[in-house]
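In: The amino acid sequence is not available; the structure is as follows:
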């Protein structure tokens, strides 16, 4: 918390300035956003060169209006010579000129989590504008930095590219610069083009437009014209945004509080980092215990299921009696034992014998699901209700991981940018992130089934098994019929409007219970 006497301070955002009037206007638009979000503090701005007012004029205005404490925050992304030498020298000179006021100096934005969020959002929007749907694994991200004589600042561009590559699942990333550092933008594009990817996403790591940004886009267009087989997309530079405004206000507050600029701001356990959002606040749990007594036995992560002790599933007496009634309630002799277990579990879940005649199980579907689960294949669900319905003790026995993308921030951004539902966007993200190595359980959204079938038919997606049992009246019958006719993948669905998350979870649970009985 900021002490009461620290809460009253003025803010000066110190920009570099630009020869491009459009870039200056964007900087001034950002200052307007910062003023709106600054809780009534006095906010002014100044430039090192190329534009007015200057930094000293901005500080002088605050002192003349009675400010006793001022923080000067460099309005730059990375701390290179301007932020490390030019601007601090301005602050020192102004402190000598105005000894009655205290003038602090803040840190540049660097890779602030809010900056990363906006950078990711711009990439997603660039992808959504394309008429082609290409996996991230088949895409190379080209991050273009300003380029300086400061290797520390240049290395932050590489760090950004790596974080985006891993967090968003790109096949590769290439870093280049608009000037001073190498490789330059045209050279970087040529390097990226030689990697054999279907798409390049060119993402300038700049706050505002200007001569250099326009050169980057021109170089991307020229490369695209010479390489028609590679799709080249433009990602927007950061620009005036509420996220950037809030990041500058945080930097201002940090300088007043005297906080050190540690890399805690990028610790995935303290803030939501792209690709690792769910690890914020995670408890400390070691996963290197196998190193103790190295070489003794197999680790939990690498041991096949057959080497682990699996506890047979023992139903509760009420559940056992329910299944006795279900077994006696109709003739099951015409149904294979493997399919019978799944269908009886669905009858138990729904309380209705008649659904057996509505359920469609493609040939070998249950066997494909059992094999996938035995190999510890990831289970992806369309909604958290399906994920919550899976029996935790069985998942833990087999070391299975479940994933639901529907509530992720990137899913929201993808849905908005592509004009699809969040459920469909979650399925598309699973395709992008995990490829074929997953078992898909859909119990809520017809649009999730539609997207899965489309990816199978148009993009050769081949999950181990698709369970599509959504409930409802809008699009439900149609999507199930499309899945039933989708011959390229093992699948389980039904022909009616009934279904739901408990049904999808019941199918997976039935297969998990079968596994406990098959493995000694």
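Out: Sure thing, it's come through. These numbers were taken from a predicted model, which means no experiment stands behind them.
In: mind showing which ranges of this structure have poor pLDDT?
Out: Low-confidence segments of the chain (pLDDT under 70): 1-7, 260-270, 273, 276, 279, 281-309, 519-520.
In: Pop the domain breakdown of it in here.
Out: For the chain, automatic domain parsing gives the domain ranges 4-108+242-266, 113-234, 305-518.
In: quick one: which of these is nearest residue 277?
Out: Minimum separation from residue 277 across those (CB to CB) falls at domain 305-518, 6.2 Å. Quick note: C-beta positions are derived from backbone N, CA and C, even for glycine.
In: buried stuff in stretch 21-37?
Out: Residues 23-24, 26-27, 30-31, 33-35 are the ones in stretch 21-37 that count as buried (16 or more other CB atoms under 10 Å).
In: can you check stretch 122-130 too?
Out: Applying 16+ other CB under 10 Å to stretch 122-130 flags 122-128 as buried.
In: residue ranges for the strands of this protein, please.
Out: Secondary structure of the chain (DSSP state E): strands located at 10-15, 43-47, 69-74, 102-105, 139-145, 172-177, 199-204, 231-234, 359-361, 378-381, 402-404, 438-442, 465-468, 491-494.
In: Point out the most buried one among those strands.
Out: strand 465-468 (a mean of 29; mean count of other CB atoms under 10 Å).
In: need the buried residues of stretch 21-37 in a markdown table with distance to residue 104, can you?
Out: Formatted as a markdown table, the buried residues of stretch 21-37 follow (distance: CB to CB, whole Å):
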| residue | distance to residue 104 |
| --- | --- |
| 23 | 27 |
| 24 | 26 |
| 26 | 26 |
| 27 | 21 |
| 30 | 21 |
| 31 | 19 |
| 33 | 22 |
| 34 | 17 |
| 35 | 19 |
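In: Out of those residues, which is nearest to residue 149?
Out: Distance to residue 149 across the buried residues of stretch 21-37 (CB to CB) is lowest for residue 23, with 21.7 Å.
In: What segments of the stretch 101-250 of the chain are helices?
Out: In the stretch 101-250 of the chain, the helices defined using DSSP state H, counting those that start in this stretch lie at 113-128, 151-168, 185-193, 211-226, 242-257.
In: For residue 380, find the nearest of these.
Out: Of all those, helix 151-168 comes closest under CB to CB, at 17.5 Å.
In: and the closest one, what other elements does it pack with?
Out: helix 113-128, strand 139-145, strand 172-177 (3 or more CB pairs under 8 Å, 6 or more residues apart in numbering; DSSP states H and E).
In: For the second one, name the packing helices and strands.
Out: Which is strand 139-145. Using 3+ CB pairs under 8 Å, 6+ apart: strand 139-145 touches helix 151-168, strand 172-177, helix 185-193, strand 199-204.
In: And for the last one?
Out: Applying 3+ CB pairs under 8 Å, 6+ apart, one finds that strand 172-177 contacts strand 139-145, helix 151-168, helix 185-193.
In: most packed of those?
Out: Sorting the helices and strands packed on strand 172-177 by mean neighbours (by mean count of other CB under 10 Å), the first place falls to strand 139-145, with a mean of 27.
In: quick one, that strand and strand 172-177 angle?
Out: Strand 139-145 and strand 172-177 are oriented at 20 degrees to each other (axes from the mean of the first three to the mean of the last three CA atoms, to 10 degrees).
In: what are the pairing partners of strand 139-145, and which direction each?
Out: strand 172-177 (parallel), strand 199-204 (parallel) (DSSP bridges).
In: Which residues outside that strand are in contact with it?
Out: 78, 123, 153-154, 156-157, 160-161, 164-165, 168, 170-178, 181, 185, 188-189, 192, 195, 197-206, 216 (CB atoms under 8 Å, 6 or more residues apart in numbering).
In: With adjacent residues omitted, what lies nearest to residue 428?
Out: Nearest non-adjacent residue to residue 428, counting by CB to CB, 6 or more residues apart in numbering: residue 451, 5.9 Å away.
In: What count of nearby residues applies to the one you found?
Out: 25 (other CB atoms under 10 Å).
In: Relative to residue 382, how far out is it?
Out: Distance from residue 451 to residue 382, counting by CB to CB, to the nearest Å: 9 Å.
In: now residue 39
Out: Counting by CB to CB, the gap from residue 39 to residue 382 is 41 Å.
In: Neighbour count: the two, which is higher?
Out: Neighbours were counted for residue 39 and for residue 382 using other CB under 10 Å; residue 382 has more, 34 against 7.
In: quick one: which of the helices and strands packed on strand 172-177 is nearest residue 43?
Out: helix 151-168 (25.6 Å).
In: so residue 147 touches residue 154, yeah?
Out: Yes - the criterion here is CB atoms under 8 Å, and residue 147 meets it with residue 154 at 6.8 Å.
In: of all the helices of the stretch 101-250 of the chain, which lies closest to residue 510?
Out: Among these, helix 151-168 comes nearest to residue 510, with 35.2 Å by CB to CB.
In: what separates the closest one from the chain centre, distance-wise?
Out: Computed by CA atoms, centre = their mean, to the nearest Å, the chain-centroid distance of helix 151-168 equals 16 Å.
In: List the contacts of that helix.
Out: Counting by CB under 8 Å, 6+ apart, 78-80, 110-111, 116, 119-120, 123, 136, 141, 143, 145, 147-148, 170, 172-175, 177, 181, 203, 205, 273-276, 410 sit against helix 151-168.
In: what do you get for stretch 73-80?
Out: Against stretch 73-80 from outside (CB under 8 Å, 6+ apart): 11-16, 27, 30, 45, 82-83, 87, 105-110, 115, 145-146, 148-150, 152-153, 156-157, 205-207, 238, 248, 251-252, 255.
In: can you tell me the distance between the two ends of it?
Out: By CA to CA, to the nearest Å, the extent of stretch 73-80 from end to end equals 14 Å.
In: Stretch 69-86 now?
Out: Start-to-end span of stretch 69-86 (CA to CA) is 21 Å.
In: From here on, call the first residue 584.
Out: In the new numbering, first residue 584, that becomes stretch 652-669.
In: next one: that stretch to chain centre, how far?
Out: With CA atoms, centre = their mean, you get 30 Å for stretch 652-669.
In: One more: stretch 730-744?
Out: Distance, stretch centre to chain centre, for stretch 730-744: 23 Å (CA atoms, centre = their mean).
In: what's the burial count for residue 635?
Out: Residue 635 has 10 nearby residues by other CB under 10 Å.
In: Over to residue 1087?
Out: By the criterion of other CB under 10 Å, residue 1087 has 31 neighbours.
In: ok now do it, which residues does it touch?
Out: Residue 1087 touches 964, 969, 972, 1024-1026, 1050, 1052, counting by CB under 8 Å, 6+ apart.
In: Which of those sits closest to residue 932?
Out: Residue 932 has its nearest neighbour among the contacts of residue 1087 in residue 972, at 9.0 Å by CB to CB.
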